[in-house]
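Prediction below, plus the sequence it came from.
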Amino acid sequence: MQKKFVYNTKTHRLHIVGYCPHASGGYNMIYFNTEDEALAYDGRAVGLCKLCQKKRETMEKTK
């Protein structure tokens, strides 16, 4: 199964695969299946990156 969320341990930002170029991986990245798993890993202070947040809002409006 492909992981859907990428967490950057250095910036404490969560990225959604396919929503922004930062989700392609690299150093300091941990992969998760769900957003809840990522939040549980480093607490609720984890923030969604601005690009992913904007794309998510756009996708929700089109539903």
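Yep, it's here.

Can you tell me the centre-most residue of the chain?
The chain has H15 as the residue nearest its centroid, 2.3 Å off, counting by CA atoms, centre = their mean.

Tell me which residues touch it, please.
With CB atoms under 8 Å, 6 or more residues apart in numbering as the criterion, the residues that contact H15 are F5, V6, Y7, N8, H22, A23, L48, C49, C52. The C-beta positions use only the backbone N, C-alpha and C, and glycine is treated the same way.

what helix or strand is it on?
Here H15 sits within strand 13-16, counting by DSSP states H and E.

Return the distance of A38 relative to H15.
10 Å (CB to CB, to the nearest Å).

who touches both of those two?
Residues within reach of A38 and of H15 at once, by CB under 8 Å, 6+ apart, are F5, Y7.

quick one, longest helix in this structure?
Scanning the chain for the longest helix, with DSSP state H as the assignment, gives helix 50-61.

Mind listing residues that contact stretch 40-47?
For stretch 40-47, the external contacting residues (CB under 8 Å, 6+ apart) are Y7, T9, H12, R13, L14, I30, F32, A38, L39.

how about 10 Å then?
Judged by CB atoms under 10 Å, 6 or more residues apart in numbering, the contacts made with stretch 40-47 from elsewhere in the structure are 5, 7-9, 11-14, 30, 32, 34-35, 38-39, 53.

Just the buried positions in stretch 8-17, please.
N8, R13, L14, H15, I16 (16 or more other CB atoms under 10 Å).

Distance across that stretch, terminal residue to terminal residue?
By CA to CA, to the nearest Å, the extent of stretch 8-17 from end to end equals 13 Å.

which regions of this protein sit below the pLDDT cut-off?
For the chain, the stretches with pLDDT under 70 are 1-2, 44.

try 50 this time
1 (pLDDT under 50).

got the contact list for K4?
By CB under 10 Å, 6+ apart, the contact list for K4 reads 15-19, 23, 31-35, 37-38.

Buried among those residues? Make that a ChimeraX selection.
With 16+ other CB under 10 Å as the burial test, the buried ones among the contacts of K4 are selected in ChimeraX as follows:
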select :15,16,19,23,32,38
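
circling back: next helix or strand past the strand holding H15?
Using DSSP H and E, the next helix or strand after strand 13-16 towards the C-terminus is strand 29-32.

Okay then, goodbye and thanks.
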